[in-house]
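J.: How does the following fold in three dimensions:
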Amino acid sequence: MRRKRIIAIYTGIIAVVALLATDHLGLDLGKSMFIVVIAVIVGSVLMEKFIK
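T.: Numbering: from 1, shown residues only. Alright, predicted model coming up:
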């Protein structure tokens, strides 16, 4: 349970950073959400592998 909580926190941080980065780049909302979703999926898969 603790492992899932850590992964959830880091996934949320990844989502916020990706959203701020796309906002800073001036991308429209559709592209921003697509990039955020991809970043969250990739980040959570990688964290599942590396956090044990």
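
J.: What are the boundaries of the helices in the protein?
T.: 2-25, 29-50 (DSSP state H).

J.: can you put the ones you listed in a markdown table and add mean pLDDT and mean neighbour count?
T.: C-betas here are computed from N, CA, C, even on glycine. Formatted as a markdown table, the helices of the chain follow (pLDDT from 0 to 100; neighbours: other Cβ atoms under 10 Å):
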| stretch | mean pLDDT | mean neighbour count |
| --- | --- | --- |
| helix 2-25 | 91 | 13 |
| helix 29-50 | 92 | 13 |
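
J.: Give me the pLDDT for the residue lying farthest from the centre of the chain.
T.: What lies farthest from the middle of the chain is residue 1; by Cα atoms, centre = their mean that is 19.8 Å. For residue 1, the pLDDT comes out at 79.

J.: So that it lines up with my notes, have the first residue be 41 from now on.
T.: Sure thing, new numbering starts at 41, so read that last one as residue 41.

J.: From residue 47, how far out is it?
T.: From residue 41 over to residue 47 the distance is 11 Å, taken as Cβ to Cβ, to the nearest Å.

J.: do the same with residue 83
T.: Separation of residue 83 from residue 47 (Cβ to Cβ) stands at 9 Å.

J.: before we move on, what about residue 55?
T.: Counting by Cβ to Cβ, the separation of residue 55 from residue 47 is 13 Å.

J.: same deal with residue 65?
T.: Residue 65 sits 27 Å away from residue 47, going by Cβ to Cβ.

J.: show me the contacts for the residue nearest to residue 58 when sequence neighbours are not counted.
T.: Once flanking residues are discounted, residue 58 sits nearest to residue 79: 4.1 Å by Cβ to Cβ, 6 or more residues apart in numbering. Residue 79 makes contact with 54-55, 58, according to Cβ atoms under 8 Å, 6 or more residues apart in numbering.

J.: All good on my end, thank you.
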